[in-house]
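**Student:** What would the 3D arrangement of this be:
(one chain, ligands or ions: 2)
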Amino acid sequence: MQSTEFDAIVVGSGISGGWAAKELTERGLRVLLLERGKNVEHVKDYPNATKGTWEYPHRGGRTQQMEQDYPVLKRDYPLNEKNLDWWANETENPYTEVKRFDWYRGYQVGGRSLLWGRQSYRLSDFDFTANQRDGIAIDWPIRYAELAPWYDHVERFAGIAGSREGLAQLPDGEFQPAMPLNCAEEKVAERIAKGFGGRRRIIPGRTANLTQALPGRTACQYRNACWLGCPHGAYFSTQSSTLPAAVATGRLTLKVHAIVSEVLYDKDRKRATGVRVIDAATKATTDYTARLVFLCASTLNSTWLLMRSATDVWPGGLGSSSGELGHNLMDHHFRCGARGVIEGMEDSYVYGRRPTGFYIPRYRNLFGDRRGYLRGFGYQGSANRRGWERAVAELGIGASFKTAMTQPGEWSIGATGFGEMLPNHANRIALDPNKVDAWGMPVLSIDCATGENERLMRVDMMNDMAEMLTAAGVREVETFDNGYWPAMGIHEMGTARMGRDPKTSVLNARNQVWDAPNVFVTDGSCMTSAACQNPSLTYMALTARAAEHAVESLNRREL
Ligand SMILES: Cc1cc2nc3c(=O)[nH]c(=O)nc-3n(C[C@H](O)[C@H](O)[C@H](O)COP(=O)(O)OP(=O)(O)OC[C@H]3O[C@@H](n4cnc5c(N)ncnc54)[C@H](O)[C@@H]3O)c2cc1C
Ligand code: SF4
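**Tutor:** Numbering: from 1, shown residues only. Ligands and ions are numbered 1, 2, ... in the order given. Predicted coordinates for the structure are as follows:
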C-alpha cells in the first residue's frame, strides 16, 4: 500500500506547485504533489505540437458544441480545438458570477504553465512600497532587496530571455540573450526613445523561452506554438523544468486525479496535520499527513481550500481571523491601446516566428510624473507584416489578386496596455451556499469589478500609445478599447494577502498562514498589490524563498 505520510504536501502542480516540489525535494524532503487533474507527460502528451492548422477537423477553430460546453472560455481568444484538453471542464467546475468574471483555468499536471504567455518581469521597489506610499490597503511585508536573490535563482533555472536595460521600475535579471526586436520595431523604438527623451522605451519582451540550451532542454526553435506543448522543452513549464528536477531527487510522489478538499488542522498545536483528498473518479476520500503543507492550487483555489478548513475554529476558514480572507481580488486590465501602419519599410521582411513581442515598461506616476489616477501600466505588442489573411474580407478574384497574395502586406504595429488594478476590500470571493461542483462541494461566488482608478488609467492606455506611434511617424493610428472584465488578464491575484500584522493580513512575510505557520500559500493569492508586470515570475521567486524558509524552520524544529 502506498504511504500516506510525507514530510511535505504540495497542492497543485502548476507554476507555483512545480517550484515548491522542486525546492522541497532538493532540500531533502519526501514530497507528495497532489494534482486534481489528469497527468500530462512531457512530449508524449503533446499530440498537437507539430500539427498544421489544416490537420484539425475544424481548422483549429471552435464549434457550437465547444461554445456550449465552455460558456466562460468562449468569451475571449482561449477557446479553440487545438488545446481544448488543457482547459478546466466548466460543467464539472462551475462558479457563481455576482459580476462577470472570466476565470480561465487549467486543471492538469502543469496547470496553466503549459498554456501561459511566458512574459516574465520582476516587480521593483516602486511596486513593493506602492500601497504604503499611496495609503491603499496594507504595506507589503517585503521589499525588492529581499526577493532579488530569489528572482536570480528562478530566472537562472527557468531560463528567461531578456535585455538588460538598467531601469529602476523594471529591474534587470539573470537573463539569457534576448529575442531581438524586428527591424520595424527597432525603427519605431529608436524614434520613441528620441521623441520622449528615453523615458518611454520599447524593449524586447522578457520571455521564459530559452535562447540557450539548459540541461535536458533545447534552445527555442522559434515555432511560436508554445500553447500546444514544446517537444524541445524550450519554454518554461512544470513538465519541462521543475517536475523533472523534483523527480530526479527520487523523493517525489505525484498523485493525479487527487482533489484536495480541505487542510486538516490540529487546533491544540495550531498546526496543519495534512490534507483530505477526494479521488476525482471514485469520490473516495483519503487523508494524507505531513509536517508542511504548501498551497499552490492557484489564486482563488488556494483560498477556497482555506475557507473549507478549520471551520470548527473559525467559521470563515483557516486564515480568516483577520477578516481579509477572500478579499482584495485583483487582475491586470488590458485590451486597450492603439495600432497603426508603418510606411517606408516595404523592402524589409522578417523571417521565422518569434514567441514574444515588445514591451514598454511603465513610465506613468514615476519619477515626478503625476496623473489623476494611481499606479501605471506597461504595454505589450508587436510589429508584423500582414499576410494573406488580409484578403479574406475583400474576397478578391483573378490574376492580379493572386499576384498580390504572393507579396507580404503592409507593416502594422500595435500594443495593449496592461494596467495595475488596485486592491479593494469589496472585491471578494465566498463559498456559495447554493451551488456545488461535480463532487458535491460548494463552489466560489465571485464579486469583483474595476473602479474609477482603472477607468481613468485606460484613457491614458489608449491615448499614450497613439501619441507614441504618431511621434514615431506611424500612419493611420487608431486607438481601441475592446472592453475588459476582471480575470480576462488571466492574472488573478490576492484573496489571501501577505502583511506585517495578523489583524490585517492572512499570510506573514514568508507566506505562512498566521494561524497555522506550517501552511504556506505561495501562488498569486498572496499578492498584496498587483503592480502592472505579469506576475508568475514573482510567484516562482516567492515559492522558492518560502521553501527555503520552511525547510530551515523544520530543521530548527520550529514547525
Ligand atoms: C493564455 C494564458 C497566458 C498567460 N500569460 C502569462 C504571461 O505571459 N506571464 C505571466 O506571468 N502569467 C501569464 N499567465 C498566468 C499564469 O499562467 C499563471 O499566473 C500561473 O500559471 C499561476 O500559477 P499557479 O501555480 O498559481 O496556478 P496554475 O498554473 O493554474 O496551477 C494550479 C494547479 O493546481 C491544481 N489544483 C487546483 N485546485 C486543486 C485542488 N483542490 N486539489 C489539487 N489540485 C488543485 C490545478 O489543477 C492546477 O494544475 C497566463 C495564463 C494563461 C492561461
Ligand atoms: S516557440 Fe520555442 S518554446 Fe515555443 S514551442 Fe516552439 S520551440 Fe518550443
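
**Student:** got the contact list for the residue of the stretch 51-200 of the chain found nearest ligand 2?
**Tutor:** In the stretch 51-200 of the chain, no residue comes nearer to ligand 2 than residue 118, which is 8.1 Å away by Cβ to the nearest ligand atom. Any C-beta I mention is one placed from the backbone N, CA and C, and that applies to glycine too. Contact analysis of residue 118 by Cβ atoms under 8 Å, 6 or more residues apart in numbering lists 207-209, 226, 235-236, 355-356.

**Student:** try it again with 7 Å
**Tutor:** Counting by Cβ atoms under 7 Å, 6 or more residues apart in numbering, residue 118 makes contact with 207-209, 226, 235-236.

**Student:** Residue 166 now?
**Tutor:** For residue 166, the set of contacting residues under the criterion of Cβ under 7 Å, 6+ apart consists of residue 172.

**Student:** let's have the chain start at 27 instead
**Tutor:** That works, and once the first residue is 27, the last one we named lands at residue 192.

**Student:** so how far is residue 198 from it?
**Tutor:** Taking Cβ to Cβ, to the nearest Å as the measure, residue 192 and residue 198 are separated by 7 Å.

**Student:** Residue 51 too?
**Tutor:** In this structure, residue 51 and residue 198 are separated by 30 Å, where distance is defined by Cβ to Cβ.

**Student:** re earlier: how about the residue of the stretch 77-226 of the chain closest to ligand 2: what's its closest non-neighbour residue?
**Tutor:** When the adjacent residues along the chain are set aside, residue 144 lies closest to residue 234, with 4.1 Å between them (Cβ to Cβ, 6 or more residues apart in numbering).

**Student:** Which of the helices or strands spans residue 158?
**Tutor:** Assessed by DSSP states H and E, residue 158 sits inside helix 156-160.

**Student:** for residue 50, that is, sorry about that
**Tutor:** Secondary structure from DSSP H and E places residue 50 in helix 41-52.

**Student:** and residue 247, how far is that from residue 480?
**Tutor:** Using Cβ to Cβ, one obtains 39 Å as the distance from residue 247 to residue 480.

**Student:** can you check residue 539 too?
**Tutor:** Computed as Cβ to Cβ, the residue 539 to residue 480 distance reads 30 Å.

**Student:** and what of residue 316?
**Tutor:** Distance check for residue 316 against residue 480: by Cβ to Cβ, it reads 41 Å.

**Student:** Ok, residue 318 next?
**Tutor:** From residue 318 over to residue 480 the distance is 38 Å, taken as Cβ to Cβ.

**Student:** With residue 464 instead?
**Tutor:** Between residue 464 and residue 480 the computed distance is 35 Å (Cβ to Cβ).

**Student:** one step back: name the residues of the helix holding residue 158 that are buried.
**Tutor:** By neighbour count on 16 or more other Cβ atoms under 10 Å, the buried set for helix 156-160 is 156-157.

**Student:** ok, then the element right after that helix?
**Tutor:** Using DSSP H and E, the next helix or strand after helix 156-160 towards the C-terminus is helix 170-184.

**Student:** Other residues contacting that next one?
**Tutor:** By Cβ under 7 Å, 6+ apart, helix 170-184 touches 148-151, 154, 197, 199-201, 234, 262, 267, 563, 566-567, 570-571.

**Student:** Name all residues that make contact with the closest residue to residue 310 other than its chain neighbours.
**Tutor:** If the residues on either side of it in the chain are set aside, residue 310 comes closest to residue 304, at 7.4 Å by Cβ to Cβ, 6+ apart. In this structure, residue 304 makes contact with 285, 287, 311, 465, judged by Cβ under 7 Å, 6+ apart.

**Student:** Reformat those as a markdown table; add secondary structure, distance to residue 447 and pLDDT.
**Tutor:** Formatted as a markdown table, the contacts of residue 304 follow (DSSP: H, G, I helix; E, B strand; the rest coil; distance: Cβ to Cβ, whole Å; pLDDT from 0 to 100):
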| residue | secondary structure | distance to residue 447 | pLDDT |
| --- | --- | --- | --- |
| 285 | strand | 30 | 98 |
| 287 | strand | 30 | 98 |
| 311 | strand | 37 | 97 |
| 465 | coil | 32 | 98 |
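
**Student:** For burial, what's the neighbour tally of the nearest residue to residue 148 once chain neighbours are set aside?
**Tutor:** Ranked by Cβ to Cβ, 6+ apart and with sequence neighbours excluded, the top spatial neighbour of residue 148 is residue 197, at 4.6 Å. Burial of residue 197 is recorded as 18 neighbouring residues (other Cβ atoms under 10 Å).

**Student:** Show the contacting residues for residue 197.
**Tutor:** The neighbours of residue 197, taking Cβ under 7 Å, 6+ apart as the test, are 148, 150, 170.

**Student:** Just give me the neighbour total for the residue nearest to residue 144.
**Tutor:** Residue 234 is flanked by 31 other residues according to other Cβ under 10 Å.

**Student:** again with the one 4 residues further on
**Tutor:** Residues contacting residue 238 under the criterion other Cβ under 10 Å number 12.

**Student:** Just the pLDDT for it.
**Tutor:** At residue 238 the predicted local distance difference test score is 98.

**Student:** Could you say which helix or strand holds it?
**Tutor:** Taking DSSP H and E as the criterion, no element holds residue 238; it sits outside all helices and strands.

**Student:** that older thread, and the residue nearest to residue 310, how far is that from residue 463?
**Tutor:** On the measure of Cβ to Cβ, residue 304 and residue 463 end up 10 Å apart.

**Student:** Helix, strand, or coil at the closest residue to ligand 2 within the stretch 377-526 of the chain?
**Tutor:** Proximity of the stretch 377-526 of the chain to ligand 2 (Cβ to the nearest ligand atom) peaks at residue 381, 3.9 Å away. Remark: residue 381 carries the secondary structure label coil [criterion: DSSP: H, G, I helix; E, B strand; the rest coil].

**Student:** Phi first, then psi, for residue 491.
**Tutor:** phi -70, psi -40 (degrees, to the nearest 10).

**Student:** That one contacts residue 363, correct?
**Tutor:** Yes - taking Cβ atoms under 7 Å as the definition, residue 491 is a contact partner of residue 363 at 4.4 Å.

**Student:** Overlap of the contact sets of those two?
**Tutor:** Between them, residue 491 and residue 363 have 405, 441 as joint contacts when contacts are counted by Cβ under 7 Å, 6+ apart.

**Student:** which intervals of this protein have sub-threshold pLDDT?
**Tutor:** 27-28, 419-421 (pLDDT under 70).

**Student:** near ligand 2, which residues of it?
**Tutor:** Counting by Cβ under 6 Å from any ligand atom, the residues of the chain lying close to ligand 2 are 235, 246-252, 256, 258, 260-261, 381.

**Student:** Which two among the residues you listed are spaced furthest apart?
**Tutor:** Across the residues of the chain next to ligand 2, no pair lies farther apart than 250 and 258, at 12.8 Å, counting by Cβ to Cβ.

**Student:** Neighbour count for these two, which is higher?
**Tutor:** Neighbours were counted for residue 250 and for residue 258 using other Cβ under 10 Å; residue 258 has more, 16 against 13.

**Student:** what's around residue 572, how many residues?
**Tutor:** 27.

**Student:** Can I take it that it is in a helix?
**Tutor:** Yes - with three-state DSSP as the criterion, residue 572 is located in a helix.

**Student:** From what I see, it and residue 534 are in contact.
**Tutor:** No - with contacts counted by Cβ under 7 Å, residue 572 stays clear of residue 534, the gap being 10.2 Å.

**Student:** Excluding covalently adjacent residues, which one is nearest to residue 255?
**Tutor:** In space, residue 255 comes closest to residue 72 once its chain neighbours are excluded; the distance is 3.0 Å by Cβ to Cβ, 6+ apart.

**Student:** For residue 512, give me its contacts.
**Tutor:** Residue 512 makes contact with 127, 357, 474-476, according to Cβ under 7 Å, 6+ apart.
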